[in-house]
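Asker: coords please:
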Amino acid sequence: MKAFIIDRYGKNETGRIADMPEPVLREDDVLIQVHAASVNALDAKIRRGEFKLILPYRLPLILGNDVAGTVVQVGAGARQFKPGDEVYARPDDDRIGTFAERIAVKASSVALKPGNLGMDEAASLPLVALTAWQALVETAQLKKGQRVFIQAGSGGVGTIAIQLAKHLDAFVATTTSTANVAWVKALGADVVIDYKRQDFATVLRDYDVVLNSLGKDDLTRSLQILKPGGRLVSISGPPTPAFAAARGLAWPLKLVLRLLSRGIRRKARRKGVEYRFVFMRADGAQLREITSLVESGAITPVIDRVLPFNDTHRALAYAETGRAKGKVVVKMV
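Answerer: Next up is the predicted model:
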């Protein structure tokens, strides 16, 4: 089958389309004919080798972490699906590879596609929607009336997190560039800070939750806007000892992660807030919850552009510029 692969790690690795072996279908898998996939910041990080210690992939590696398509075959233990079902998923992180004609995905990571979405729209959702859900609902336990600051409101995670937080009846602040202020407000944000003109750390006060998706400086300054007892949830690191333990990492790597996160954990304790790192996981049951929100109109996918499979390298390059409003989708069928 045709797939988009990388042969090595590195910032100069652009990837290429190649012939790859057909996926091996396990007993608890479904084999999906890929109609569309979407690009995430995670793809660029994997390509650069940033996760090679945590996720030791075998090269050459098929990239891609989101899929929407049609079930063509099911394993003996995957009876909840049947050939012809239209589904979407974020594959488990040790079995990525959605920039391909077909992929085998664990059935427990798959959900039926929202009935009101096409394949391109459905493919844009799994990773970012699961990230928003696991950060805001599962980890931060965001409640009605609480104040949440969501960084990068026009990005893939930000656009969905804003909508999810408003569905939970929270008060939402976010950041974006000058050109996107009105557009992000239309998504539901109550306060939109133009990061080119204002510093969120001097404007916002007494927030219950921060969802950090940016770098070290923004992470540290986020502590200034949280009230005692607040929660700083980061999806961009640094990883914590709890994350290392949950993944069963070897002790040298556990020690490295402990050292990397020691500074922010210490600062958070001094401030009286909790720091948590979220590395999203595949979860079909949570995707079904998200499907209900999509079908009710509470969450709407946001797509910047759709490019054909032959232009996957362009899709990755554009997403990596950070200028995309929402998601970039790769169309396979």
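
Asker: Only C-alpha atoms from now on, for both contacts and neighbour counts.
Answerer: OK.

Asker: State the mean pLDDT of the particular helix or strand that has residue 312 in it.
Answerer: Here residue 312, judged by DSSP states H and E, is contained in helix 312-320. For helix 312-320, mean pLDDT rounds to 96.

Asker: cool, stretch 1-14 as well?
Answerer: For stretch 1-14, mean pLDDT rounds to 96.

Asker: if we can go back for a sec, okay, buried residues for the helix holding residue 312 please.
Answerer: Neighbour counts using 16 or more other Cα atoms under 10 Å place 312-313, 315-316, 319-320 of helix 312-320 among the buried residues.

Asker: Not counting its own residues, what contacts stretch 40-56?
Answerer: Contact with stretch 40-56 is made by 6, 8-11, 13, 63-65, 93-94, 127, 156, 249, 316, 319-320, 327, as judged by Cα atoms under 8 Å, 6 or more residues apart in numbering.

Asker: Quick check on these: which are buried?
Answerer: 6, 8-9, 63-65, 127, 156, 316, 319-320, 327.

Asker: with those residues in mind, which one is nearest to residue 286?
Answerer: Nearest to residue 286 among the buried ones among the contacts of stretch 40-56, counting by Cα to Cα, is residue 127 at 11.2 Å.

Asker: Touching the helix or strand bottoming out on mean pLDDT in the chain from outside, list them.
Answerer: Using mean pLDDT, DSSP states H and E, helix 241-246 stands out as the lowest-scoring helix or strand of the chain, at a mean of 93. Residues outside helix 241-246 that contact it (Cα under 8 Å, 6+ apart): 253-255, 257-258, 277-278.

Asker: before we move on, what about stretch 212-232?
Answerer: With Cα under 8 Å, 6+ apart as the test, stretch 212-232 has contacts from 140, 150-152, 201, 204-211, 233-236, 264, 268, 271-276.

Asker: try it again with 7 Å
Answerer: In this structure, residues lying in contact with stretch 212-232 by Cα atoms under 7 Å, 6 or more residues apart in numbering are 140, 150-151, 201, 204-211, 233-236, 264, 268, 271-276.

Asker: do stretch 255-270 as well
Answerer: Residues outside stretch 255-270 that contact it (Cα under 7 Å, 6+ apart): 220, 223, 238-241, 274-275.

Asker: run the last query once more with 6 Å
Answerer: Residues outside stretch 255-270 that contact it (Cα atoms under 6 Å, 6 or more residues apart in numbering) are 238-241.

Asker: Can you tell me which of the contacts of stretch 212-232 are classed as buried?
Answerer: Those of the contacts of stretch 212-232 that meet the buried threshold are 140, 150-151, 204, 207-211, 233-236, 264, 268, 271-276, by 16+ other Cα under 10 Å.

Asker: Any figure for the gap between residue 256 and residue 94?
Answerer: For residue 256, the distance to residue 94 equals 21 Å [Cα to Cα, to the nearest Å].

Asker: mind checking pLDDT for residue 333?
Answerer: Note for residue 333: predicted pLDDT of 82.

Asker: Between the two ends of stretch 94-112, what distance do you get?
Answerer: 22 Å.

Asker: Would you pull up how far that stretch lies from the middle of the chain?
Answerer: In this view, stretch 94-112 has its centroid 15 Å away from the chain centroid, taken as Cα atoms, centre = their mean, to the nearest Å.

Asker: Buried ones in it, by neighbour count?
Answerer: Within stretch 94-112, the residues that count as buried by 16+ other Cα under 10 Å are 95-112.

Asker: what's around residue 182, how many residues?
Answerer: Neighbourhood size, residue 182 [other Cα atoms under 10 Å]: 12.

Asker: For it, pull up the helix or strand it's in.
Answerer: Per DSSP H and E, residue 182 falls inside helix 181-187.

Asker: same check, this time on residue 130
Answerer: Assigned by DSSP H and E, residue 130 falls within helix 126-132.

Asker: Name the surrounding residues that touch that helix.
Answerer: The contact list for helix 126-132, computed with Cα under 6 Å, 6+ apart, reads 89-90, 157, 161, 280.

Asker: residues contacting the closest residue to residue 108 other than its chain neighbours?
Answerer: Among residues not flanking residue 108 along the chain, residue 284 sits closest, at 5.3 Å (Cα to Cα, 6 or more residues apart in numbering). The contact partners of residue 284, taken as Cα under 6 Å, 6+ apart, are 108-111.

Asker: how about 10 Å then?
Answerer: Residue 284 is in contact with 88-91, 106-112, 126, 130, 290, counting by Cα atoms under 10 Å, 6 or more residues apart in numbering.

Asker: Give the single residue among these positioned nearest to residue 196.
Answerer: When the contacts of residue 284 are ranked by distance to residue 196 (Cα to Cα), residue 130 comes first, at 29.2 Å.

Asker: burial count for that closest one?
Answerer: Residue 130 has 26 neighbouring residues, counting by other Cα under 10 Å.
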